[in-house]
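Asker: sequence unknown, structure follows:
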């Protein structure tokens, strides 16, 4: 299970109870099934404390009996497992081209999934689509809102909680207007988190990708925009205002200096690439603007002009990688996003360019999750938040 651990400010009784519950749940999840005495030995808590925690967790429906020990001398001990169906979570990936939604249990296992092409006629259309696709995956499993503990939405941009605005989300029309955050939340009848999509992709990689092998890495997403997710010591780094990783605004270009144009448009999203694509389209007689997907398809077929575009894109990405590596020193830089998934064409020129840019040893790899990274990150984040809430609730019964 993906867990981004929170730090408790002070150890009051409710926090101690939540910590003890978390320790017991983690132990059972790791081993599959355990008895009370086995949990006591594994987590180092006294038997009376473990007994009380077990009573609370069984009453809350979070663990259940799963047989008993056998084949040993003495009385048999009851074994317990986690009740992963005690609550459900929904992860949503809202992209420029696709909306993806998944329903998962408390282990993060996806039990229902639905993908749709984005409807961008208006932000109202997109809002309705997000709500409808969520209800679709819930209906597929017969789950109602009372059973959904958490929804996490991944979206381009960064939420400004003070103003309720989505900043830097120009790729989705109307997504930066006043009130959009509240309107997204209104689509769901439960608790909702809205997170930057690249940050969630990094969390997805932490949960199911290279993060299982290293706790310090950078996730470089290249698609309709450029973004970076930073994981430092096993934790997502958001920055003071949630803007860490907005490398599209780095003041660097392919000439080593700033590109011309206003900085708020993003210097790093260099016109050198778009100009190269335009030249390719004109040379090939394209009637409409050529997409990078078409460019990479032509490059795989050996088109020399398309390969020049790929080389230009790779040189730009190498500057991003070398800049990040010099500041953060990650164990690995993971390349993802719609463009980044073309590692078969990009990886070699990126590595070649890096050798000319920096003496630092930098490992660049393709994402293990491909286009699924944001959705897996949304599910993992929702699971982590749901467990935090469930384990912090007062014990059921009188006074609880």
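Answerer: Right, received. Where do you want to start? Remember, predicted model here, so these are calculated numbers, not experimental data. Numbering: from 1, shown residues only.
Asker: okay, now the unreliable bits of the stretch 51-200 of the chain?
Answerer: Applying pLDDT under 70 to the stretch 51-200 of the chain picks out residues 71-74.
Asker: now the strands for the stretch 251-400 of the chain?
Answerer: Along the stretch 251-400 of the chain, counting by DSSP state E, counting those that start in this stretch, strands occupy 332-336, 364-366.
Asker: go through the ones you listed and pick out the most buried.
Answerer: Among the strands of the stretch 251-400 of the chain, strand 332-336 has the highest mean neighbour count (mean count of other Cβ atoms under 10 Å), at a mean of 25. In this view, the C-beta of every residue, glycine as well, is placed from N, C-alpha and C.
Asker: what is that strand packed up against?
Answerer: With contacts taken as 3 or more Cβ pairs under 8 Å, 6 or more residues apart in numbering; DSSP states H and E, strand 332-336 sits against helix 197-208, strand 217-222, helix 304-328, helix 343-357, strand 364-366.
Asker: that strand to helix 304-328, inter-axis angle?
Answerer: 140 degrees (axes from the mean of the first three to the mean of the last three Cα atoms, to 10 degrees).
Asker: what are the contacting residues of strand 332-336?
Answerer: With contact meaning Cβ atoms under 8 Å, 6 or more residues apart in numbering, strand 332-336 is reached by 201-202, 205, 209-210, 214, 217-222, 317, 321, 324-325, 341, 343, 346-347, 350, 362-367, 369-370, 373.
Asker: which among the helices and strands packed on strand 332-336 is found nearest to residue 186?
Answerer: Residue 186 sits nearest to helix 197-208 of all those, at 20.3 Å, using Cβ to Cβ.
Asker: show me what that closest one is packed up against.
Answerer: The criterion is 3+ Cβ pairs under 8 Å, 6+ apart, and the helices and strands that helix 197-208 contacts are strand 88-94, strand 148-155, strand 217-222, strand 226-232, strand 235-237, strand 332-336, helix 373-392.
Asker: out of these, the one nearest residue 17 is which?
Answerer: helix 373-392 (8.2 Å).
Asker: would you mark the buried spots in the closest one?
Answerer: Neighbour counts using 16 or more other Cβ atoms under 10 Å place 373-388, 390-392 of helix 373-392 among the buried residues.
Asker: which parts of the stretch 1-150 of the chain are helices?
Answerer: Using DSSP state H, counting those that start in this stretch, the helices of the stretch 1-150 of the chain run over 13-31, 36-43, 47-59, 123-141.
Asker: could you dump those to a markdown table with mean neighbour count and distance to residue 67?
Answerer: What follows is the helices of the stretch 1-150 of the chain, written out as a markdown table (neighbours: other Cβ atoms under 10 Å; distance: least, Cβ to Cβ, whole Å):
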| stretch | mean neighbour count | distance to residue 67 |
| --- | --- | --- |
| helix 13-31 | 17 | 13 |
| helix 36-43 | 18 | 13 |
| helix 47-59 | 17 | 15 |
| helix 123-141 | 17 | 26 |
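Asker: adding distance to residue 154, write those helices out as a markdown table.
Answerer: Formatted as a markdown table, the helices of the stretch 1-150 of the chain follow (distance: least, Cβ to Cβ, whole Å):
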| stretch | distance to residue 154 |
| --- | --- |
| helix 13-31 | 24 |
| helix 36-43 | 33 |
| helix 47-59 | 30 |
| helix 123-141 | 11 |
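Asker: and those helices: which comes nearest residue 151?
Answerer: Comparing these by Cβ to Cβ, helix 123-141 comes nearest, at 7.0 Å.
Asker: got the angle for that closest one vs strand 148-155?
Answerer: 140 degrees.
Asker: number the chain from 180, please
Answerer: Right, with 180 as the first residue, what we last looked at is helix 302-320.
Asker: how far off centre is helix 302-320?
Answerer: The chain centroid and the centroid of helix 302-320 are separated by 20 Å under Cα atoms, centre = their mean, to the nearest Å.
Asker: remind me what that helix packs against, helices and strands.
Answerer: On a contact count with 3+ Cβ pairs under 8 Å, 6+ apart, helix 302-320 meets strand 267-273, strand 277-283, strand 289-296, strand 327-334, helix 359-364.
Asker: most tightly surrounded among the ones you listed?
Answerer: By mean count of other Cβ under 10 Å, these have strand 267-273 as the most buried, with a mean of 28.
Asker: that one pairs with which strands, and in what direction?
Answerer: If you go by DSSP bridges, strand 267-273 pairs up with strand 277-283 (antiparallel), strand 327-334 (parallel).
Asker: where does the stretch 430-579 of the chain dip in pLDDT?
Answerer: Using pLDDT under 70, the flagged stretches of the stretch 430-579 of the chain are 431-455, 457-458, 465-466, 574-579.
Asker: excluding covalently adjacent residues, which one is nearest to residue 362?
Answerer: residue 306 (5.6 Å; Cβ to Cβ, 6 or more residues apart in numbering).
Asker: didn't that neighbour look like it was pressed against residue 360?
Answerer: No - using Cβ atoms under 8 Å, residue 306 makes no contact with residue 360, being 11.2 Å away.
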